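Colleague: Provided below are the primary sequence and the corresponding predicted coordinates.
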Amino acid sequence: MIGVESHLREKFIKVRNQSIKLCQPLKPEDYVVQPIVDVSPPKWHLAHTTWFFEQFLLIPNKSGYKVFDDDFSYLFNSYYETVGERVLRPNRGNMTRPGTDEIYKYRKYVDNQMLEFLVRNEINAALSNMLELGFHHEQQHQELLVTDIKFILGHNPLFPEYLTSGKEIPQRSNMDEEYIEVMGGLHSIGHRKNGFHFDNEKGVHNVFLHDFKILNRLITNGEYLEFMENGGYNNFEYWLSEGWEWANGLETNAPMYWHRMDDGWYRFTMHGLKPVIPSAPVTHVSYFEANAFANWKGKRLPTEFEWEAASNGLLEADVNQGNFVENDYLDPIAHQDGNNQMFGDAWEWTSSAYLPYPYYKTAESAIGEYNGKFMINQMVLRGGSCATPKDHIRNTYRNFWHPHLRWQFTGIRLAENI
Ligand SMILES: [Fe+2]
């Protein structure tokens with residue numbers, strides 16, 4: 001009979017192997033660089049996710065556990081003040097040592113210790129929750145591995161391919177705008193089911209919504225190109241003041257990874273430099289760009305509450321058919337019938353500031369630092385992307401980024417009042 005522990009062991013192995021798989025196409029030098037402060041070296045992600053299991057599972061719970069290396073907590077703690085001092089974020093790329101081979105040894109050591117722990121110990125509810133947090137934490141870093149690797153390769157003048165045998169990206173010609181009507185009234189927001197969720201989704205509460213309509217797909221590259229060609233980046237009327245200032249500092253008036261060539265626009269993808277596909281969703285846009293596009297269209301971005309209410313009815317079909325990391329496209333694909341692209345493809349900017357829900361409580365341990373302290377100056381994104389593992393997403397999942405950032409697979413969905 002398969003018990004709870006063996007289920008957790010299998011999940012542990014699966015999650016840990018996926019991080020290794022994502023790094024397999026890398027050259028040794030790719031593991032180390034940190035081209036901008038937001039992009040961490042792949043080697044750092046591999047070590048930090050390992051440190052998380054060591055710090056929060058093995059040290060407090062496995063009797064007689066001996067840490068792999070006393071210095072690693074200083075090197076690979078990300079932002080946990082509770083745990084102690086650490087290498088500051090901008091300096092992660094300076095660590096040429098320990099070498100990547102040493103990090104792989106660290107992973108093996110902690111994996112073996114964890115598997116032994118999961119065989120020998122009874123896993124109570126608190127331990128099981130912490131393990132799940134470790135899995136989802138590693139999955140978050142897997143998404144960052146994809147987007148950070150994309151940034152590293154995409155800012156190399158040679159535009160190296162990450163995946164050489166990419167599948168052909170599905171396209172389509174008909175991209176009508178269809179809006180789904182959602183009735184207003186009181187809508188229940190927040191995570192109420194069993195199963196894993198982050199603390200920032202907790203605190204089920206009612207939100208009053210007016211009747212609204214939401215687009216049944218993501219905004220495409222073709223539509224965004226129209227905005228560009230209509231002087232979208234040259235008209236202050238579409239932009240927030242901070243956004244206008246930000247846009248004026250851009251090297252190219254286009255989404256990140258777009259390059260103008262003699263025969264049209266190209267974008268860097270994980271399959272190298274490719275012509276822009278008009279029917280595929282636009283990605284790598286900042287909140288400022290998403291908001292300006294919506295203003296140009298005479299529409300608006302949905303609030304996170306509208307997004308959650310709209311996705312409730314669409315959840316199952318969209319999750320099951322969504323374009324997630326498992327598809328191996330690592331690129332968003334054109335809207336397909338029977339799916340509203342609410343899950344997978346691109347994280348969708350909402351017009352909601354990332355704030356605590358009513359009844360939000362910060363956990364007392366170091367884990368209290370996981371989400372709550374970032375609830376300032378960031379916007380909520382919903383739905384997951386083509387770099388998100390499918391079993392990592394929920395319709396209550398709240399992602400959050402600063403409004404100028406766009407190295408994640410970030411896209412646009414429009415809404416309007418009825
Ligand atoms: Fe982390």
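Modeller: Looks like it arrived, so ask away. No experiment lies behind these values; they were computed from the predicted model shown.
Colleague: use CA for all of it now, contacts and neighbours both
Modeller: Will do.
Colleague: ok, so what distance separates Pro42 from Glu326?
Modeller: According to CA to CA, to the nearest Å, Pro42 and Glu326 sit 19 Å apart.
Colleague: between those two, which one's more packed in?
Modeller: Pro42 (28 against 12; other CA atoms under 10 Å).
Colleague: wait, isn't that one in contact with Leu145?
Modeller: Yes: look at Pro42 against Leu145 with CA atoms under 8 Å: they come within range, at 6.0 Å.
Colleague: what is in contact with those two at once?
Modeller: Here Pro42 and Leu145 have Cys23 as joint contacts, going by CA atoms under 8 Å, 6 or more residues apart in numbering.
Colleague: what's the distance between the residue nearest to the spatial centre of the chain and Asn200?
Modeller: The geometric centre of the chain, computed from its C-alpha atoms, lies nearest to Glu143 (CA atoms, centre = their mean), at 5.5 Å. Using CA to CA, Glu143 is found at 19 Å from Asn200.
Colleague: Would you map the helices across the stretch 51-200 of the chain?
Modeller: Ranges of helices in the stretch 51-200 of the chain, per DSSP state H, counting those that start in this stretch, are 59-61, 72-76, 100-120, 125-154.
Colleague: now those in a markdown table, with distance to Pro25?
Modeller: A markdown table is the format used below for those (distance: least, CA to CA, whole Å):
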| stretch | distance to Pro25 |
| --- | --- |
| helix 59-61 | 33 |
| helix 72-76 | 23 |
| helix 100-120 | 14 |
| helix 125-154 | 10 |
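Colleague: quick one: which of the ones you listed is nearest Gly222?
Modeller: Of all the helices of the stretch 51-200 of the chain, it is helix 125-154 that lies closest to Gly222, at 21.5 Å by CA to CA.
Colleague: Packing partners of that closest one?
Modeller: If you count contacts as 3 or more CA pairs under 8 Å, 6 or more residues apart in numbering; DSSP states H and E, helix 125-154 packs onto helix 4-23, helix 42-53, strand 264-269.
Colleague: 7 Å instead?
Modeller: Applying 3 or more CA pairs under 7 Å, 6 or more residues apart in numbering; DSSP states H and E, one finds that helix 125-154 makes contact with helix 4-23, helix 42-53.
Colleague: Kindly state the beta-bridge partners for His205.
Modeller: Per DSSP bridges, the residues bridged to His205 are Ile189.
Colleague: And it, how far from Lys373?
Modeller: Relative to Lys373, and taking CA to CA, His205 is found at 21 Å.
Colleague: More neighbours: those two, which one.
Modeller: The neighbour comparison of His205 against Lys373 (other CA under 10 Å) goes to His205, with 15 against 10.
Colleague: what sits against the more buried one?
Modeller: Each residue near His205 by CA atoms under 7 Å, 6 or more residues apart in numbering is listed here: Ser188, Ile189, Gly190.
Colleague: do that again at 10 Å, thanks
Modeller: Leu186, His187, Ser188, Ile189, Gly190, His191, Arg192, Tyr357, Pro358, Tyr359 (CA atoms under 10 Å, 6 or more residues apart in numbering).
Colleague: What is the burial count for the last one?
Modeller: Counted with other CA under 10 Å, residues neighbouring Tyr359 total 10.
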